[in-house]
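Chemist: Can you look at this prediction? I've put the sequence above it.
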Amino acid sequence: MKVLLVVSNIITAVTSEVDTSYYQQISGDDCHRRVGLEVDLECGIIHRLYTQSEIDLLLPNSSLTVINFPPGYCLLPGYIDCHVHLTIPTDNYQMQFLQTSSASNALTGLKNAQGLLHAGFTTLRSAGDADLFFPTVAIAKSIDRGEHVGPRIVGAGHYISVTGGGGDINSIAPDKCLCCPSDGLIADGKDAMLAAVRKEIKFGSDWIKILVTGAFMTSSTNAKDSPENTHFSIDELEICVQEAKRRRVPVMAHAHGADGIIMAAQSGVRSIEHASFIDQNGINACLKMGTWIVPTFLVGSYFEVNGSDSGAQDRMIEIQRRTNSRYYECISNAVKAGVKVALGSDFVGWDPAITAREFRHMVELGSMTNMQSIYAGTGSAADLLEMDKVGRIAPGKIADLVIVRGDPLVDISILESGVEFVMKGGLIVRDDLSIANDSSLRFMNISRQWYRPNYKLEETNICGDCVEQI
């Protein structure tokens, strides 16, 4: 079944520039301008975009089912969050790691993934989770099999850490021991690093996550550590990247400090997570190697505003407040220099509905334009993940779509507060206006927890017209 979504504006995110064929800033006088997008719901594929004049010619004799949104609505690609921790629900996550089972974490992670989908995030990259096993991998596979509706998920099962690093539990006395001594994977030396990378790949990680420097969120459990400290040696980091590359698995590197950022970029990681204190040498290394940065503004601002319920993140909040101005300046410098940027929120269990606030932070704190911010969370993020069928609106792309009330190129906060319609792969998962509430349409409203099978993009499901588009 093919439908035509008719809205006031479409932001295609094919490039970081605005496609004026389908977008123009509208005022009250020209709010009747309409553009359209044709989608095959069964295949989950975008067929065609329509300008106002093409819609006028098409509609009188068209057999398409038309979903006509009121004036003032804008259609965008589904959002992509490149840094989430789905199974971490609290600020005191290392204590939670000791208190909850992997099965419980999987249930929490699925709920969070579905909440993020409802907020417009149709694709996620896991940056590792505080769990002994691989619940996020299990969630991703279950969604892919159609057992649950949720966003598509890629990423790492764990973060690899040195002893005493961000993935180690540092709050226990030296004469005490735990049967599960860390919430990440501990790797000291090249042989241990090889084993850790191979274990991650064996159990389904399609990214490797490595903690190159200290961390803000674990600084409270190790007062001698600092986010700027470099943890792994260059030999350990290089063997990680080389082994992952042999298996065609990319590496994401958590790195706050300037030295760690330079080392990670030069070793060939695909993205630097946080990149808080990137300097000119780090910028040059990222530009030379084509490395993305994923700044993650939201996690810091969230805890600054809401505090740490357990007190576990009090020191992190203090460090954040002390270094914020430097952090914002460093990221702004990288943006202005042309370093590639992808959106990542560092989601750790807050209300998923606020996660798109990261778009606004990238504008207000990272000196990005509204369009640059949108592109970071759509087209650029898709490029980072090497997923060429998502992140953009164009014929042949997967129909991952978000429709918001208002114009995000005028008010970027609309991407958080204005979401009223979400489609993932042709499946309508949110429709606040009930505008598409037709029994013939594939529909599963996450907020009501109705079950409908998810559909993977497989050749057997694609009609002849869609194959031509692909």
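Modeler: Alright, I've got the coordinates. Residues are numbered from 1 along each chain as shown.

Chemist: okay, which residue is most central for this protein?
Modeler: With distances taken as Cα atoms, centre = their mean, D81 lies nearest the centre of the chain, 1.1 Å away.

Chemist: pLDDT averaged over whichever strand or helix holds that one - what is it?
Modeler: Here D81 is covered by strand 79-84, with elements defined by DSSP states H and E. For strand 79-84, the mean pLDDT works out to 98.

Chemist: And stretch 21-38, by the same measure?
Modeler: Averaging pLDDT along stretch 21-38 yields 78.

Chemist: Tell me the span between the first and last residue of it.
Modeler: 16 Å (Cα to Cα, to the nearest Å).

Chemist: Hmm, V410 and Q25 touching each other?
Modeler: Yes: taking contacts as Cβ atoms under 8 Å, Q25 lies within contact range of V410: 6.5 Å. The way it works is simple: take the backbone N, C-alpha and C, and place the C-beta from them, glycine included.

Chemist: For T15, grab phi and psi.
Modeler: For T15, the backbone dihedrals are phi -130, psi -180 (criterion: degrees, to the nearest 10).

Chemist: Tell me the secondary structure of A13, please.
Modeler: The three-state assignment at A13 reads coil, by DSSP: H, G, I helix; E, B strand; the rest coil.

Chemist: Is it correct that I88 is in contact with A127?
Modeler: No: the pair I88 / A127 is not scored as a contact, 10.0 Å apart, by Cβ under 8 Å.

Chemist: Mind listing residues that contact the top helix by length along the chain?
Modeler: Of all segments of type helix in the chain, defined using DSSP state H, the longest is helix 314-337. If you take Cβ atoms under 8 Å, 6 or more residues apart in numbering as the criterion, helix 314-337 is touched by 216-217, 219-220, 223, 227, 275-280, 282-283, 286-287, 293, 295, 297, 300, 303-304, 307-308, 341, 365-368, 372.

Chemist: Would you map the strands across the stretch 101-250 of the chain?
Modeler: Taking DSSP state E, counting those that start in this stretch, the strands of the stretch 101-250 of the chain run over residues 121-127, 152-156, 159-161, 185-186, 208-211.

Chemist: Report all helices and strands that the fourth one contacts.
Modeler: Translated: strand 185-186. Identification of packing neighbours for strand 185-186 by 3 or more Cβ pairs under 8 Å, 6 or more residues apart in numbering; DSSP states H and E yields strand 159-161, helix 190-202.

Chemist: How many neighbouring residues does L58 have?
Modeler: By other Cβ atoms under 10 Å, 16 other residues sit near L58.

Chemist: in which helix or strand would I find it?
Modeler: Assessed by DSSP H and E, L58 sits inside helix 52-58.

Chemist: Contacts for that helix next, please.
Modeler: By Cβ under 8 Å, 6+ apart, helix 52-58 touches 4, 6, 33-36, 50, 64.

Chemist: give me that answer again for 7 Å
Modeler: Helix 52-58 is contacted from outside by 6, 33-36, 50, using Cβ atoms under 7 Å, 6 or more residues apart in numbering.

Chemist: ok, back up a step: gap between the residue nearest to the centre of the chain and G150?
Modeler: From D81 across to G150, the span is 13 Å (Cβ to Cβ, to the nearest Å).

Chemist: What number of residues are in the vicinity of the closest residue to S276 other than its chain neighbours?
Modeler: Spatially, and ignoring its direct neighbours in sequence, S276 is nearest to H256 (4.2 Å; Cβ to Cβ, 6 or more residues apart in numbering). When counting by other Cβ under 10 Å, one arrives at 27 neighbours for H256.

Chemist: Ok, S101 next?
Modeler: Count around S101 with other Cβ under 10 Å applied: 12.

Chemist: How about the one 10 residues further on?
Modeler: Applying the criterion other Cβ under 10 Å, we find 17 residues in the vicinity of K111.

Chemist: following the helix holding L58, which helix or strand comes up?
Modeler: strand 65-68.

Chemist: now for that following strand, which elements pack on it?
Modeler: Packing contacts for strand 65-68, counted by 3 or more Cβ pairs under 7 Å, 6 or more residues apart in numbering; DSSP states H and E, involve strand 2-7.

Chemist: For L401, give me the pLDDT.
Modeler: For L401, pLDDT reads 98.

Chemist: In this structure it contacts G426, no?
Modeler: No: with contact defined as Cβ atoms under 7 Å, L401 does not count as touching G426 (9.2 Å).

Chemist: Could you list the low-pLDDT ranges of the stretch 251-400 of the chain?
Modeler: 307-313 (pLDDT under 70).

Chemist: Tell me which stretches of it form strands.
Modeler: 251-255, 271-274, 292-294.

Chemist: so which of those comes closest to I261?
Modeler: I261 lies closest to strand 251-255 among those, at 4.6 Å (Cβ to Cβ).

Chemist: distance between that closest one and the chain's centre?
Modeler: How far strand 251-255 lies from its chain's middle: 15 Å, per Cα atoms, centre = their mean, to the nearest Å.

Chemist: Give me the angle between it and strand 152-156.
Modeler: 70 degrees (axes from the mean of the first three to the mean of the last three Cα atoms, to 10 degrees).

Chemist: in strand 251-255, what counts as buried?
Modeler: Buried residues in strand 251-255, defined by neighbour count with 16 or more other Cβ atoms under 10 Å: 251-255.

Chemist: For it, name the packing helices and strands.
Modeler: strand 208-211, helix 234-246, helix 258-267, strand 271-274.

Chemist: Let's have these in a markdown table, adding distance to G418 and mean neighbour count.
Modeler: A markdown table is the format used below for these (distance: least, Cβ to Cβ, whole Å; neighbours: other Cβ atoms under 10 Å):
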| stretch | distance to G418 | mean neighbour count |
| --- | --- | --- |
| strand 208-211 | 32 | 30 |
| helix 234-246 | 39 | 18 |
| helix 258-267 | 35 | 24 |
| strand 271-274 | 28 | 29 |
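
Chemist: Using a markdown table, lay out those together with distance to F133.
Modeler: As requested, the helices and strands packed on strand 251-255 are exported to a markdown table (distance: least, Cβ to Cβ, whole Å):
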| stretch | distance to F133 |
| --- | --- |
| strand 208-211 | 16 |
| helix 234-246 | 21 |
| helix 258-267 | 27 |
| strand 271-274 | 22 |
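
Chemist: what's the closest of those to T108?
Modeler: strand 208-211 (19.3 Å).

Chemist: and that closest one, which strands flank it?
Modeler: Strand pairing for strand 208-211, determined by DSSP bridges: strand 159-161 (parallel), strand 251-255 (parallel).

Chemist: before we move on, back to that, what would the strands of the stretch 251-400 of the chain look like in JSON lines with distance to Y159?
Modeler: Formatted as JSON lines, the strands of the stretch 251-400 of the chain follow (distance: least, Cβ to Cβ, whole Å):
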{"stretch": "strand 251-255", "distance to Y159": "7"}
{"stretch": "strand 271-274", "distance to Y159": "10"}
{"stretch": "strand 292-294", "distance to Y159": "14"}
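
Chemist: wait, doesn't the residue nearest to S276 sit right on T230?
Modeler: No: here H256 lies out of contact with T230, judged by Cβ under 7 Å, at a distance of 9.8 Å.

Chemist: intersection of neighbour lists for the two?
Modeler: T213.

Chemist: ok so, going back, so what angle separates the directions of the longest helix of the chain and helix 258-267?
Modeler: Going by the same axes, to 10 degrees, helix 314-337 makes 50 degrees with helix 258-267.

Chemist: No more questions from me, cheers.
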